[in-house]
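J.: Curious how this folds, go ahead:
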Amino acid sequence: MFFRLSTWELVLIIGGIVLGFVVVGYAAGRVLRTQETLREPVGIVQGAFFALVGLILAFGLTLAIGRYDTRRAAVVDDANTIGTTYLRAQTLAEPMRTRSLQLLRQYTDASLNLSHSVPTTARFAAAVAQENALQRRLWSLAGDALVGAPQDSAPRLYVETLNQMIDQQTVRIAALNNRIPNEVLALEIFGAAFAFGLLALYTALHGRGATTVVLAGALVTLLLLVIFDLDRPTRGLITVPDTPLTALRAEMELPPAAHGPAG
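T.: Now for the predicted structure:
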């Protein structure tokens, strides 16, 4: 649910919920300000609840950072496996060599397209389908290379790396689709909102202004947005860099460094 929302929609929803609870809590505190017996119990409860919410937010931030690091590492591994496959493809015999190199360039373009596609969208599915089709064509050429030179080591090494490249695509797609559960994100939003509602209630019971509470609520709203942003690998301000794939694609424009067997 949350993943499908745009950044501005998240800002409005999270900010509206948190500040809405602050307004309700402050209004309730103004009404109950004459009930002096409520001040101490509310103070104890809001203090304990803030400690709990702090743990929940730290847990959510840890989940988001862990997933972000996994996705970033998956891009590096993807670039490494494609690059190694490209190097070993240069040692194949013709015509498999030229065809495989061209398909690997197209595969790198498809992998870059995957970096700019939002999971669960049609563009993401199309990028995955394109990679799968290119994998089948590359595997077919690898089989032809083995049949043509069953005793040579170059085709066997190439097939091994090609298999790793195909496996790495599965790892990367799984990392992109591995997001924080909506239940955890909802718990963080409403937990923080309720905590600040209690703080606003406690502040109003003591006859103080709500400016500090609103500023603190805005700060926690920003923290929640950072957690959401880390969990959205292709959108927002914090995205997974595709620099390794971009650098690899630039290197593929150079003439191949190795030559296949003559004849």
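J.: Count the neighbours of Ile14 for me.
T.: By other CB atoms under 10 Å, 25 other residues sit near Ile14. Quick note: C-beta positions are derived from backbone N, CA and C, even for glycine.
J.: Likewise for Pro155?
T.: 24.
J.: and stretch 9-29, which residues are buried?
T.: 10-11, 14-15, 17-19, 21-22, 25-26, 28-29 (16 or more other CB atoms under 10 Å).
J.: and it, how far from the chain's centre?
T.: 27 Å (CA atoms, centre = their mean, to the nearest Å).
J.: do stretch 125-133 as well
T.: Averaging C-alpha coordinates over stretch 125-133 and over its chain gives two centres that are 19 Å apart (CA atoms, centre = their mean).
J.: For Ser216, which non-adjacent residue is spatially closest?
T.: One thing to correct before we go on: residue 216 is Ala, not Ser. Phe196 (6.9 Å; CB to CB, 6 or more residues apart in numbering).
J.: May I have the helix or strand hosting that neighbour exported as PDB, CA atoms only?
T.: Assigned by DSSP states H and E, Phe196 belongs to helix 182-205. The C-alpha trace of helix 182-205 is given here as PDB (Å, rounded to 0.1, in the frame of the first residue of the first chain):
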ATOM      1  CA  ASN A 182       3.100  -2.500   5.600                       C
ATOM      2  CA  GLU A 183       2.100  -3.600   9.100                       C
ATOM      3  CA  VAL A 184       5.500  -2.400  10.500                       C
ATOM      4  CA  LEU A 185       5.300   0.900   8.700                       C
ATOM      5  CA  ALA A 186       1.700   1.500   9.900                       C
ATOM      6  CA  LEU A 187       2.800   0.700  13.400                       C
ATOM      7  CA  GLU A 188       5.600   3.200  13.200                       C
ATOM      8  CA  ILE A 189       3.300   6.000  11.900                       C
ATOM      9  CA  PHE A 190       0.400   5.500  14.300                       C
ATOM     10  CA  GLY A 191       2.700   4.700  17.200                       C
ATOM     11  CA  ALA A 192       4.600   8.000  16.700                       C
ATOM     12  CA  ALA A 193       1.400   9.900  16.100                       C
ATOM     13  CA  PHE A 194      -0.200   8.500  19.300                       C
ATOM     14  CA  ALA A 195       3.000   9.300  21.300                       C
ATOM     15  CA  PHE A 196       2.900  12.900  20.200                       C
ATOM     16  CA  GLY A 197      -0.800  13.100  20.800                       C
ATOM     17  CA  LEU A 198      -0.100  12.100  24.400                       C
ATOM     18  CA  LEU A 199       2.700  14.700  24.600                       C
ATOM     19  CA  ALA A 200       0.400  17.400  23.300                       C
ATOM     20  CA  LEU A 201      -2.200  16.400  25.900                       C
ATOM     21  CA  TYR A 202       0.400  16.500  28.700                       C
ATOM     22  CA  THR A 203       1.600  19.900  27.500                       C
ATOM     23  CA  ALA A 204      -1.900  21.300  27.400                       C
ATOM     24  CA  LEU A 205      -2.700  20.000  30.900                       C
END
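J.: Next secondary structure after that helix?
T.: Once the chain leaves helix 182-205, the next helix or strand it forms, by DSSP H and E, is helix 211-230.
J.: where's that next one relative to the chain centroid, distance-wise?
T.: Worked out by CA atoms, centre = their mean, helix 211-230 lies 20 Å from the chain centre.
J.: Now do it and helix 182-205, the angle between them.
T.: Angle, helix 211-230 to helix 182-205, by axes from the mean of the first three to the mean of the last three CA atoms, to 10 degrees: 170 degrees.
J.: Tell me the buried residues in helix 211-230?
T.: By neighbour count with 16+ other CB under 10 Å, helix 211-230 contains the buried residues 213-214, 216-217, 220-221, 223-230.
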